[in-house]
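# based on what follows, work out the 3D shape:
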Amino acid sequence: MTMSRKNAGVAGRVAPAIAAAVMVACAWIGPEREWDNPYDREGSNPADAPAITNMYPDGNTVVPINDSLLMAVEASGENGYITGYRWFFDDEDGFVTTDQGIYSRAWGIGDTGVHRVMVRAVNEWGMISDPEEFTVTVRGFAPYIVTAVTDTVVGQRAEVEKNLSAGDSNGVITMYFWGSGENGWDDSAAAGDTEAVTESFAKPGGGALQVRWAARDDDGLFALDTFILFFNRGPDSARLSCPSSGDTAHFLSYDIIKNIGRISCSFSVSDPDSLDTMTYAFSLGKTAADTALFYRGRDTAVMVENISPSTAYYWKLSVWDLFGDSCRASGELVTAPPPPAPEGMILLYSAGVFFQMGQSGFDSSEAPVHTAGFSSYFWIDATEVTNGAFAVVMGTAAPAADRNMPVVNISWFDAVLYCNARSKRERRDTVYAYESRTGEPGGMSVLTGVSLRPVAAGYRLPTEAEWEYACRVDSLTLFFWGNDNLEAPAYAWTRENSGDTVHIVAVKKPNRLGLYDMAGNVWEWCNDWFDPRYYSTAPPLDPMGLQTGTERVIRGGSWKHSLYFAQAGTRSRMAPQSAANTVGFRTVLVVR
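Prediction:
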């Protein structure tokens, strides 16, 4: 039902028809008619007013602004011919008169909206027909954005090209405009671009740039759009935050055998926009010209392996964002000295070592002689734990005169509590877990639900295999010093020479490893449950004993027992809740 310049063809067909009708009417008048009008005594005036018989458009129609609408009507009169037409718009007092039933009107931007159009026909006698009417809706068919430009994040130094494209459903685009920030508008007049414009944008200082743009069509209507280009500013500074400048790099773990350790390094970066995911490349070397890449990734902390103690290292740190903007930093760090050995302990280089354990020809529980070995190095106390050491770790009082005596009259559970307390004191993992405790530590306490965490890097009682290896090393003799009983007084306190009393530690000669009182003075608790047949089924690597039992192994003999019990392969046992003045212990610390 729309009639505009685009549908003028329809009106074009109606207008000739009307013109033809007019010509026919003028060409053939016909016979003189007798008028039947009681009010016209002269008989010269018709009685009926004209009537509109056809109209285009015949209802409502929509017209784009700045388009013309061709309107056409047909009318007839019984008592006279049609001499003209009167066109009324929006009930205005005035009207437009046309001789023919065709009228074309242009509708501008100011006509936007709905308009009422009314038309009347006038005959030769001046009589006017009843009105016929229709409505015209004038609409602004504004241009439209073909593809909206999306907000984009780019690098700080990037130059971004964006395609600005608009269309028009009933016209053409005549001009593009664009601007950003507080700048004015640029336009495409010079280039003459009307279909699309490709424009470049940059912001060297970085940050957000809001771009506005518009397209104007031949009707003077606009399509408007905005988008944001965020020129992401890259990192402007980086640093090694741990260890920070001037701090010493401390070891998280240390291999005392290889004399190297592991340190932690962490990085920080200053990013003005805080939007980036950074990538870090961290290099380390003993000279500034000889740094090697240790880490490349997005984590801000890294563990660095194989680091020497008391050494100055040069470091380099490169940081870049997702757009390639980067910054660099460098400096020097100094590693800590090697950690000291655990107090009072000797390191046994036992990893990969196997020895012959047990002895034949004595108690059946000590046979068969079998192979046992270890996967790790371990530390072991050079002496039996003394009253003084026990008091310091457990927070109890020790008799001043007996501080260097081995602690005795303690249960296996008391020894376990000492191991855990020493681990906690040195911030190590505790090896033993338990459910409940009865009694005070050092006072023949009893624990329930005891379990052992073999991989925990804390203190514990030695396994029976660890104890025997520490005693005999690789010897196959009865005693760690050999087979000669006559040499025993130089190495051991036994019933034969003790004077029926315990003695202070480290008076007799040590064994080949520098361990004292591995024979005599006091028995020593071991970690294992005692099983007289265990040697027949023991695994060759890291034997730990049975999981359950009723008695724990004790080794080494005492001041109250004969020299036989001081042999390297002699075994004995005692209930873990029991205690005696002939039983003490020493601890081990496995190197993890």
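
# looks to me like residue 284 is in a helix.
No. Per DSSP: H, G, I helix; E, B strand; the rest coil, residue 284 lies outside any helix segment and is strand.

# now do the helices in this structure.
8-27, 387-394, 412-425, 464-472, 488-491 (DSSP state H).

# those: lowest mean pLDDT?
When the helices of the chain are ranked by mean pLDDT, helix 8-27 comes last with a mean of 39.

# below-threshold pLDDT in the stretch 301-450 of the chain: ranges please.
Confidence mapping of the stretch 301-450 of the chain against pLDDT under 70 gives zero matching residues.

# likewise for the stretch 151-300 of the chain?
The stretch 151-300 of the chain contains residues with pLDDT under 70 at 182, 189-194, 275.

# which residues in it form strands?
152-155, 159-167, 173-180, 186-187, 196-202, 207-217, 222-232, 237-242, 248-249, 253-255, 260-270, 279-285, 292-297 (DSSP state E, counting those that start in this stretch).

# for the second one, which strands pair with it and how are they oriented?
If you go by DSSP bridges, strand 159-167 pairs up with strand 144-145 (antiparallel), strand 196-202 (antiparallel).

# which other residues reach that strand?
Under the contact criterion Cβ atoms under 8 Å, 6 or more residues apart in numbering, strand 159-167 has outside partners 143-147, 149, 152, 154, 173, 176, 178, 195-202, 211, 213, 215, 223, 227, 229. Quick note: C-beta positions are derived from backbone N, CA and C, even for glycine.

# how about the last one?
Strand 292-297 is contacted by residues 279, 280, 281, 282, 283, 284, 285, 302, 304 when judged by Cβ under 8 Å, 6+ apart.

# can you add mean neighbour count and distance to residue 310 and give the strands paired with strand 159-167 back as a markdown table?
What follows is the strands paired with strand 159-167, written out as a markdown table (neighbours: other Cβ atoms under 10 Å; distance: least, Cβ to Cβ, whole Å):
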| stretch | mean neighbour count | distance to residue 310 |
| --- | --- | --- |
| strand 144-145 | 14 | 69 |
| strand 196-202 | 15 | 52 |
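
# which among the ones you listed is found nearest to residue 510?
Relative to residue 510, the nearest member of those by Cβ to Cβ is strand 196-202, separated by 79.4 Å.

# how far off centre is the closest one?
Centroid displacement of strand 196-202 relative to its chain, using Cα atoms, centre = their mean, to the nearest Å, is 36 Å.

# residues contacting residue 448?
Listed by Cβ under 8 Å, 6+ apart, the contact set of residue 448 reads 434, 435, 436, 437, 438.

# out of those, who has the most neighbours?
Ranked by neighbour count (other Cβ atoms under 10 Å), these have residue 434 at the top, with 15 neighbours.

# now that one. Nearest residue, chain neighbours left out?
Computed as Cβ to Cβ, 6 or more residues apart in numbering, the closest residue to residue 434 that is not its neighbour in sequence is residue 447, at 4.2 Å.

# show me what that neighbour is bridged to.
Note on residue 447: beta-bridge partners by DSSP bridges are residue 437.

# number of nearby residues for residue 477?
When neighbours are defined as other Cβ under 10 Å, residue 477 has 14 of them.

# how near is it to residue 366?
Taking Cβ to Cβ, to the nearest Å as the criterion, residue 477 is separated from residue 366 by 14 Å.

# ok, residue 524 next?
According to Cβ to Cβ, residue 524 stands 16 Å off from residue 366.

# for residue 134, same thing?
Residue 134 sits 123 Å away from residue 366, taking Cβ to Cβ as the criterion.

# tell me which of residue 524 and residue 366 has more neighbours.
Neighbour tally, residue 524 and residue 366, criterion other Cβ under 10 Å: the higher count belongs to residue 524, 27 against 18.

# residues contacting the more buried one?
If a contact means Cβ under 8 Å, 6+ apart, then residue 524 has 384, 462, 467, 554, 555, 556, 583, 584, 585, 586 as its contacts.

# adding neighbour count and distance to residue 118, write the residues you listed out as a markdown table.
What follows is the contacts of residue 524, written out as a markdown table (neighbours: other Cβ atoms under 10 Å; distance: Cβ to Cβ, whole Å):
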| residue | neighbour count | distance to residue 118 |
| --- | --- | --- |
| 384 | 26 | 124 |
| 462 | 26 | 117 |
| 467 | 25 | 121 |
| 554 | 26 | 124 |
| 555 | 25 | 124 |
| 556 | 28 | 127 |
| 583 | 24 | 125 |
| 584 | 30 | 124 |
| 585 | 27 | 119 |
| 586 | 28 | 120 |
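
# among the residues you listed, name the ones in strands.
Among the contacts of residue 524, the members falling in strands are 554, 555, 583, 584 (criterion: DSSP state E).

# who wins for proximity to residue 491 among the strands of the stretch 151-300 of the chain?
strand 253-255 (32.9 Å).

# for the closest one, name the packing helices and strands.
Counting by 3 or more Cβ pairs under 8 Å, 6 or more residues apart in numbering; DSSP states H and E, the packing neighbours recorded for strand 253-255 are strand 260-270.

# what's the strand it packs on in contact with?
Looking at what lies outside strand 260-270 - Cβ under 8 Å, 6+ apart - the contacts are 235-243, 249-255, 278, 280, 282, 300-309, 315, 317, 319, 327, 335, 338-339.

# how distant is that strand from the center of its chain?
Here the centre of mass of C-alpha atoms in strand 260-270, compared against the chain's by Cα atoms, centre = their mean, lies 19 Å away.

# and that strand, which residues are buried?
Counting neighbours by 16 or more other Cβ atoms under 10 Å, one finds that the buried residues in strand 260-270 are 260, 261, 263, 265, 267, 269.

# save the residues you listed as TSV, and put in distance to residue 520 too.
Rendered in TSV, the data for those read as follows (distance: Cβ to Cβ, whole Å):
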residue	distance to residue 520
260	39
261	39
263	45
265	51
267	58
269	64
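
# of these, which is the nearest to residue 379?
Using Cβ to Cβ, residue 261 comes nearest to residue 379 of the buried residues of strand 260-270, at 16.3 Å.

# before we move on, the earlier item: of all the contacts of residue 448, which comes closest to residue 128?
Checking these against residue 128 by Cβ to Cβ gives residue 435 as the nearest, at 114.5 Å.

# for residue 178, give me its contacts.
Residue 178 makes contact with 164, 185, 186, 187, 197, 199, 211, 212, 213, 214 under the criterion Cβ under 8 Å, 6+ apart.

# of those residues, select the buried ones using a ChimeraX command.
To isolate the buried ones among these in ChimeraX, judged by 16+ other Cβ under 10 Å, type:
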select :164,197,199,211,213,214
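
# which residues does residue 554 contact?
The contact partners of residue 554, by Cβ under 8 Å, 6+ apart, come to 523, 524, 525, 526, 572, 573, 574, 583.

# do a quick rundown of the strands in the stretch 1-150 of the chain.
Ranges of strands in the stretch 1-150 of the chain, per DSSP E, counting those that start in this stretch, are 51-56, 60-64, 67-76, 82-89, 96-98, 102-107, 113-123, 132-139, 144-145.

# now render the ones you listed as a markdown table, adding distance to residue 532 and mean pLDDT.
Supplementary listing: these in a markdown table, determined by distance: least, Cβ to Cβ, whole Å; pLDDT from 0 to 100:
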| stretch | distance to residue 532 | mean pLDDT |
| --- | --- | --- |
| strand 51-56 | 122 | 90 |
| strand 60-64 | 109 | 88 |
| strand 67-76 | 114 | 90 |
| strand 82-89 | 123 | 91 |
| strand 96-98 | 130 | 87 |
| strand 102-107 | 116 | 90 |
| strand 113-123 | 112 | 91 |
| strand 132-139 | 107 | 90 |
| strand 144-145 | 93 | 84 |
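
# need the winner for burial among these.
Among the strands of the stretch 1-150 of the chain, judged by mean count of other Cβ atoms under 10 Å, the one packed with the most neighbours on average is strand 67-76 (a mean of 22).
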